[in-house]
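Peer 1: Provide a 3D model corresponding to the input given below.
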Amino acid sequence: MERGWNFPVMVDPKTGKIKVTDIKSDIRQSIMILLSTVPGERLLHRDYGCNLYRFMFEPITYELVKAIREEVLRSIIKWEKRVYNVDVGILHDVGDDSRLVITISYIIPEIREADNINYVFSLLEH
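Peer 2: As a prediction, this is how the structure comes out:
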């Protein structure tokens, strides 16, 4: 079973080695990093990222939610090859009208399990 480095990278005090995580946690961490990275931010991978910040300060409309959904879906399909059957749902954050809760559901074929992650995107702050 695939394992990856924990993020942020740290040393496991029990083993003295780099702390690793299971595939589910590794994929979750990778998706969170992907959604938080603006394309152009990584010097060696200029295309890597999800351009959510272009939607900041926009009024929340059906068209905006649809565009955000398409951007998230496109980014995950392009950059996270360890998952398939990706679905993206978006709802207003109940406690804050300026935030959207993006729910990403997917299947991890290596372990034959479904998983999901919630990403809170604020339209007012970076």
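Peer 1: which residues of the chain fall in helices?
Peer 2: Taking DSSP state H as the criterion, the chain carries its helices at 23-36, 62-79.
Peer 1: most tightly packed of the ones you listed?
Peer 2: helix 23-36 (a mean of 17; mean count of other CB atoms under 10 Å). The C-beta positions use only the backbone N, C-alpha and C, and glycine is treated the same way.
Peer 1: helices or strands up against that helix?
Peer 2: Where contact means 3 or more CB pairs under 8 Å, 6 or more residues apart in numbering; DSSP states H and E, helix 23-36 is packed against strand 3-5, helix 62-79, strand 96-108, strand 113-122.
Peer 1: before we move on, the earlier item: which of the helices of the chain sits closest to residue 10?
Peer 2: Closest to residue 10 of the helices of the chain is helix 23-36 (CB to CB; 12.7 Å).
Peer 1: give me the angle between the closest one and helix 62-79.
Peer 2: Counting by axes from the mean of the first three to the mean of the last three CA atoms, to 10 degrees, helix 23-36 lies at 130 degrees to helix 62-79.
Peer 1: out of the helices of the chain, which gets nearest to residue 17?
Peer 2: Per CB to CB, nearest to residue 17 of the helices of the chain: helix 23-36, 16.0 Å.
Peer 1: sorry, back to before: out of the helices and strands packed on helix 23-36, which is closest to residue 44?
Peer 2: Of the helices and strands packed on helix 23-36, the one closest to residue 44 (CB to CB) turns out to be helix 62-79, at 13.9 Å.
Peer 1: buried residues, stretch 118-126. List them.
Peer 2: Residues of stretch 118-126 classed as buried: 119, 121, 123 (neighbour count, 16 or more other CB atoms under 10 Å).
Peer 1: residues in contact with the residue nearest in space to the middle of the chain?
Peer 2: When CA atoms, centre = their mean is applied to the chain, the residue found nearest the centroid is residue 31 (2.9 Å). Neighbouring residues of residue 31 by CB atoms under 8 Å, 6 or more residues apart in numbering: 76, 80, 104, 117, 119.
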